[in-house]
Structure formats: C-alpha cells, structure tokens
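Chemist: sharing a model that was predicted from the sequence below.
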Amino acid sequence: MVDEALSAGAVARRLGVAVTTLRTWHQRYGLGPSEHVPGHHRRYTPTDLARLEIMRRLTAEGVSPAEAARWARQAPAPMPNGTGAVAPARIHPTGRDGGGSIPVGRAGPAARGLARAAMRLDAAVISETIAHALAAGGVVATWEGLLRPVLAGIGERHAATAGLIEVEHLMSRCVSEALAAASRANVPTGPARILLSCADEEQHTLPLEALAAALAEAGVSYRMLGARVPVAALVEAVNRTGPAAVVLWSHTRATADPTQLSALLAAPRRPLLVLAAGPGWRADTLPAGVVRPVDLAEAVSLSAAVRDSLDQSRRD
C-alpha cells in the first residue's frame, strides 16, 4: 500500500484541484489521507483518491460540499482486482454520471487533472498545474506530456460539439502566460540567431510560444514575430536581422503556402536553416532545403545546432 499512496500535491494534480482545497475537504469533511508511515506525512490511498474523485465531481456539478462529502464517505472501497461493487466514481445522488470531459488519450493523471480544471474554468488551478510541471520537468516535457494533449482534446471536443470556446480561450490564456513567464525566467545572452514566425494568416501561436520558451530554457536567443506575418514582412525581417534559422509555423493547410518558404530561401540574407513547423505543412510540397521537425524537441535541437554552427564559423 505504501507504494500506491500519494502525496497531497500528486492527488491535487490528478483531480485538478488546489492543495488548499484538499486541506479544506480534510478539515471540514474528514476526507483526508489515511496512509501513515512513521516519520512522514500522511499519504492518500487509492480508496481516499476514489472518494475525493466523487467529492470533486459532485461539487463541480453544483452539489453542496457537505452533501457531496456524505456521498463520498458512503462510497465502497475500490476492489483491488477491478471487480465487485459499482465503481465509486459513478455514484451520484441524482443517479447521473458526471457529464462531459476533455479526452486526453494516453496522457497521464496530471493531464486529466488539468482537463478537469479547464472544464471548470478554474484558472488558478490551471496556472498552478502548468507552473508545477514546468518547474519539475521543463518546457518540452510539459508541452508534450501535459499541454498538447489537453489542448488537442479541447479541439477535438469543439470539432464534435461546436462548444468549449470559453474553455479554449481560458486555457490558451493560462498557457500563454505560463510560457511567457518561463521565457522571462531564462533570458539567454548574446545575439538572437533564431527568428520565429507564424505563416501569413496563421493565428495559432501557442506552439510557437512553447518553442520560444524551450529555446530560452536551452540558452538560445530568438526573435518572435507572432501571428499572421505576411511573407513580405517576414523576408524584410530576415534581411534586416540575418538569422541563422527561421521557424515558420502553420497549424492548418489553409495557411501552409509553400511559396512563403521559397521566398525565405530566395532572400538576400538567406538563413542557414528554414524549418517548416506544424501540422499544416505537407512534406511532399516543401521546397528543397526546408526541414520539417517532427516535434518540439527536434525543433529546439536543430535551432541550437545551427546557432552553434554560425557562431563557430564567425569565430573562425
């Protein structure tokens, strides 16, 4: 049982609630950790977690905390082999099952907790969860394992229902603020060798913001042009700054015009590397010499490598 027990922070991330909320539920309603190891803080067992999941679900649906706690305390313990009584997470005083959720695929419990917080429009918990992940695992791991699955799940639900616009807007703002804070915390020194830009009419900037934060974390200076950059303005920026690499992001096929890439390759101060990033680009339409990174980590690695190559050639 000790190996399965969880800290308050781990439980909070799984449920998508604040640690202070867990403390309140413990103090007011007796839904606290029951596993005790001498010399250590008490830990939450699987039974504790199952009851807290009921508490979270019912309160999110408008049931009073006192009533939700009564139902949570009455819930049967989960069976070790998955058989037996009805799973406690499905118990509901009105006979309902809890409502919709954001699909996150095979992402871990932290992503599920973040998705729950997003559905509740709980900006404080969203921001706290992202900040903890960034501090613990860095930008790339947080983007790939936490943020991207939840953002993709919101997009999937919106495509199916035309809903969750308010969820997407709040989540995007929280993610953008967290990535900006991570960038400010790791301001690289030296000249900016990497130019980041969205394609013409492309408005999805979060992946580019994630790349900016990851580059800063890796000590690579960059310039960010942001959304909807016309090709003429992009070429002008290249000619004025002479970057070692340009990353052009396209989220959809509608904004992935290969002539934008060709214009970069024909610029008087052509960069050493042009990266076509994002799902909008089709590999079979890319001009020769353009690289399409498979993920955020590869984009960071390629950018850092070409920066180092340019710096070395200038020293020589």
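Modeler: Perfect, I can see it now. Everything quoted here is computed from the prediction, not taken from an experiment.
Chemist: could you list the residues in contact with stretch 135-148?
Modeler: 107-108, 110-111, 114, 129-130, 133-134, 175, 179, 182, 206-207, 210, 213-214, 217, 295-297, 300 (CB atoms under 8 Å, 6 or more residues apart in numbering). All C-beta spots, glycine's among them, are computed from the backbone N, C-alpha and C.
Chemist: roughly how far does residue 27 sit from residue 240?
Modeler: 60 Å (CB to CB, to the nearest Å).
Chemist: pretty sure residue 7 is touching residue 42, no?
Modeler: No - with contact defined as CB atoms under 8 Å, residue 7 does not reach residue 42; the gap is 9.4 Å.
Chemist: quick one, domains of the chain?
Modeler: The record assigns the chain these domain ranges, following automatic domain parsing: 1-93, 109-185, 189-315.
Chemist: mean pLDDT for those domains: which is lowest?
Modeler: Least confident of the domains of the chain, judged by mean pLDDT, is domain 1-93 with a mean of 75.
Chemist: inside helices: which ones of the contacts of stretch 135-148?
Modeler: 110-111, 114, 129-130, 133-134, 175, 179, 182, 206-207, 210, 213-214, 217, 296-297, 300 (DSSP state H).
Chemist: and the gap between residue 102 and residue 12?
Modeler: 18 Å.
Chemist: could you do residue 230 as well?
Modeler: 45 Å.
Chemist: who's more crowded, those two?
Modeler: Per other CB atoms under 10 Å, whichever of residue 230 and residue 12 has more neighbours is residue 12, with 26 against 12.
Chemist: residue contacts, the more buried one?
Modeler: 18-19, 21-22, 113, 125.
Chemist: show me what counts as buried in stretch 31-44.
Modeler: Buried residues in stretch 31-44, counting neighbours by 16 or more other CB atoms under 10 Å, are found at 31, 33, 35, 42-44.
Chemist: from those residues, pick the one nearest residue 64.
Modeler: Residue 64 lies nearest to residue 31 out of the buried residues of stretch 31-44, by CB to CB, at 14.3 Å.
Chemist: for that closest one, which non-adjacent residue is spatially closest?
Modeler: residue 25 (4.5 Å; CB to CB, 6 or more residues apart in numbering).
Chemist: was I right about the one you found contacting residue 55?
Modeler: Yes - under the criterion of CB under 8 Å, residue 25 makes contact with residue 55 at 6.0 Å.
Chemist: residues shared between the contacts of these two?
Modeler: Jointly contacting residue 25 and residue 55 under the rule CB under 8 Å, 6+ apart are 31, 65, 69.
Chemist: and residue 136, how many neighbours does it have?
Modeler: 10.
Chemist: quick one: buried residues of the strand or helix carrying it?
Modeler: Per DSSP states H and E: residue 136 is located in helix 123-142. Within helix 123-142, the residues that qualify as buried are 125-134, 138-140, 142, counting by 16+ other CB under 10 Å.
Chemist: nice, that's everything, thank you.
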